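> Could you look at this predicted model? Sequence included:
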Amino acid sequence: MAVSAEYKEFLAEQLERLGPVRFRGMFGGAGVYLDDLMLGLIFDETLYFKVDDRNRADYEAEEKGPFTYEMSDGTTGALHYYEVPERLYDDPDELVQWARKAMEVMRAARAEKLARAARAAERKKAATKKQKATPAKASPSKKPSRKPKA
């Protein structure tokens, strides 16, 4: 089910203190973006924020869990996006605090991704440098064939 324009407008108003929130359709739902980072998901008019060890306890204390979906092989997959408690819609200040924590998670994830890419590039550069520095081994020459003495 597509996310209604009314729900997106409601969330944009709730989160406006963070800055301009954008929505991008995805798989029947929508991604919630701020500063080019996807801090949340919307599916079936339910909001989910990005979670890691920094903020997971907040959601677990509210008995909220991750967004789950059925995979093609029949198993259930889960994302690192947890359902936002409905009570937060009545307290925009607290909702914004939870959204800020989700942004911190996304910024940390982006920094880690960039650091991994930099390390991989450095390893590749070092391997290329090492390969160029190692002289190529000459192929072994064939031994001259010995003709039997007559």
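Thanks, I have the structure now.

> Please count neighbours and contacts with C-alpha atoms only from this point.
OK.

> for the longest helix seen in the chain, the distance to its chain's centre please.
Ranked by residue count, the top helix of the chain under DSSP state H comes out as helix 92-133. Averaging C-alpha positions (C-alpha atoms, centre = their mean, to the nearest Å) puts helix 92-133 10 Å from its chain's average.

> Which elements pack onto it?
Helix 92-133 sits against helix 5-14, strand 37-43, strand 46-50, with contacts defined as 3 or more C-alpha pairs under 8 Å, 6 or more residues apart in numbering; DSSP states H and E.

> could I get these as CSV with distance to residue 77?
Output for those, formatted as CSV (distance: least, C-alpha to C-alpha, whole Å):
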stretch, distance to residue 77
helix 5-14, 25
strand 37-43, 15
strand 46-50, 15
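
> CSV for these, including mean neighbour count?
As requested, the helices and strands packed on helix 92-133 are exported to CSV (neighbours: other C-alpha atoms under 10 Å):
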stretch, mean neighbour count
helix 5-14, 15
strand 37-43, 22
strand 46-50, 23
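
> Ok, which of the ones you listed comes nearest residue 62?
Smallest distance to residue 62 across the helices and strands packed on helix 92-133 (C-alpha to C-alpha): 13.3 Å, for strand 46-50.

> continuing past that closest one, what's the next helix or strand?
helix 56-61 (DSSP states H and E).

> tilt between the longest helix of the chain and strand 37-43?
120 degrees (axes from the mean of the first three to the mean of the last three C-alpha atoms, to 10 degrees).

> Centre-most residue in the chain?
residue 109 (6.5 Å; C-alpha atoms, centre = their mean).

> Distance check, it against residue 55.
13 Å (C-alpha to C-alpha, to the nearest Å).

> residue ranges with poor pLDDT in the chain?
The model of the chain has pLDDT under 70 over residues 1, 134-150.

> how about a cut-off of 90?
Residue ranges of the chain with pLDDT under 90: 1-3, 26-28, 35-37, 69-70, 109-150.

> Mind checking the helices and strands packed on helix 92-133 for the one nearest to residue 69?
Closest approach to residue 69 among those (C-alpha to C-alpha): strand 37-43, 10.6 Å.

> what's the angle from that closest one to strand 46-50?
150 degrees.

> what about dumping the CA coordinates of strand 37-43 to PDB?
What follows is strand 37-43, C-alpha atoms only, in PDB (Å, rounded to 0.1, in the frame of the first residue of the first chain):
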ATOM      1  CA  LEU A  37      20.500  10.500   4.800                       C
ATOM      2  CA  MET A  38      17.700   8.100   5.100                       C
ATOM      3  CA  LEU A  39      16.700   8.300   8.800                       C
ATOM      4  CA  GLY A  40      13.500   6.400   8.500                       C
ATOM      5  CA  LEU A  41      11.100   4.200   6.500                       C
ATOM      6  CA  ILE A  42       7.300   4.400   6.200                       C
ATOM      7  CA  PHE A  43       5.300   1.300   5.400                       C
END
